[in-house]
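K.L.:
build the 3D model from these lines:
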Amino acid sequence: MNLQLKDKLFLVGGATSGFGKAITELLVAEQANVIAVARTKKKLVTLQNSSPHIEIICGDISEESTLNIILETLGSRILTGAVINSGGPPAMPVMETKLSDWDEAYKTVVRWKIALTQALLPRMITNGYGRFVYIESVSTKQPVENLVLSNAMRLAVTGYVKTLSQEIGTSGVTLNILGPGYHATQRMEDLFAKNSELKGVSEKEIRATFESQTAMGAIGNPKDFASLALWLLSPMSNYITGQTITVDGGLVKGIMG
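P.N.:
Residues are numbered from 1 along each chain as shown. Modelled structure (predicted):
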């Protein structure tokens, strides 16, 4: 299938690891151009050296200064789509949290996504076309143990995206959320470690427990996740907007999962 992405320009956050890197690599394989944003310069340079289709921005995508650099880098070019993606808040149960943790989680999970969306959206509306894909979590459908900050804040993003998709439905711009379940990323390794600490069992046992919670009995591959993201970034997804789709190997047990 030709996804019609050749020579189109995309912005990808968290582009040097996990889902962001997998999506970037698949976009480049489709001969799309990518502005890759991440915090580690060395990893960004390595990524850029892998393809002439990649530009890089080194910075924290949740910071206003990085947003300004993104807008300067884009200039007057047409942006086809944006992958709104970054790391999540630390793993902890409810009773470990302080109000300062909640304030910080709002900034790292919600606020910057609204700021970036509202900065990029007008140019897409002017062009009559655009694709936003937000990488959130399976916790948009059911909570993940010891991730209360993520569980709560990602629902705020879901409400924002759904509402916005209704308000601009005739604009040619679509907005959708992907909710990854358990995939082989650093985020999962951190979660295994936190659960191991809290429960006093080995990380190997924790991993096996997480695997057993899925219908497929396995941790996912970020490249499989990225293939759906690419379709949502393409014209093929023209009639899909305001959706939250979990990619979870059958983890979510609810009928609407």
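K.L.:
my guess is residue 138 meets residue 246, correct?
P.N.:
Yes: with contact defined as Cβ atoms under 8 Å, residue 138 counts as touching residue 246 (5.2 Å). The way it works is simple: take the backbone N, C-alpha and C, and place the C-beta from them, glycine included.
K.L.:
surely residue 105 is within a helix?
P.N.:
Yes: membership of residue 105 in a helix is supported by DSSP: H, G, I helix; E, B strand; the rest coil.
K.L.:
count of residues packed around it?
P.N.:
Neighbourhood size, residue 105 [other Cβ atoms under 10 Å]: 22.
K.L.:
can you pull the pLDDT of it?
P.N.:
Predicted confidence (pLDDT) for residue 105: 97.
K.L.:
that one contacts residue 155, correct?
P.N.:
No: counting by Cβ under 8 Å, residue 105 does not reach residue 155; the two are 11.9 Å apart.
K.L.:
just the residues contacting the helix or strand hosting residue 21, thanks.
P.N.:
For residue 21, the host element (DSSP states H and E) is helix 18-29. Contacting residues not belonging to helix 18-29 are listed as 5, 10, 12-15, 34, 36, 38, 47, 50-51, 53-54, 83, 85, 135, 180, 183, 185-187, 222-223, 225-227, 229-230, 233 [Cβ atoms under 8 Å, 6 or more residues apart in numbering].
K.L.:
report the buried residues of it.
P.N.:
Judged by neighbour count (16 or more other Cβ atoms under 10 Å), helix 18-29 contains these buried residues: 18-28.
K.L.:
now do stretch 43-61
P.N.:
43-44, 47-48, 51, 53-61.
K.L.:
may I see the buried residues of stretch 183-199?
P.N.:
Quick answer for stretch 183-199 (16+ other Cβ under 10 Å): 183, 185, 187-188, 191-192, 194-196.
K.L.:
quick revisit: any idea which helix or strand comes after the helix holding residue 21?
P.N.:
Using DSSP H and E, the next helix or strand after helix 18-29 towards the C-terminus is strand 33-38.
K.L.:
pull the CA atoms of the helix or strand just after that following strand into CSV?
P.N.:
For strand 33-38, the following helix or strand on the C-terminal side (DSSP H and E) is helix 41-49. Provided in CSV are the C-alpha atoms of helix 41-49 (Å, rounded to 0.1, in the frame of the first residue of the first chain):
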residue,chain,number,x,y,z
LYS,A,41,22.1,15.6,21.2
LYS,A,42,24.3,12.6,20.7
LYS,A,43,21.3,10.3,20.0
LEU,A,44,19.8,13.0,17.7
VAL,A,45,23.0,13.3,15.7
THR,A,46,23.2,9.5,15.3
LEU,A,47,19.6,9.6,14.1
GLN,A,48,20.2,12.4,11.6
ASN,A,49,23.2,10.6,10.2
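K.L.:
helix or strand next in line after helix 41-49, which one?
P.N.:
Assigned by DSSP H and E, the successor of helix 41-49 is strand 54-58.
K.L.:
what is the rounded mean pLDDT of that following strand?
P.N.:
The average pLDDT within strand 54-58 is 98.
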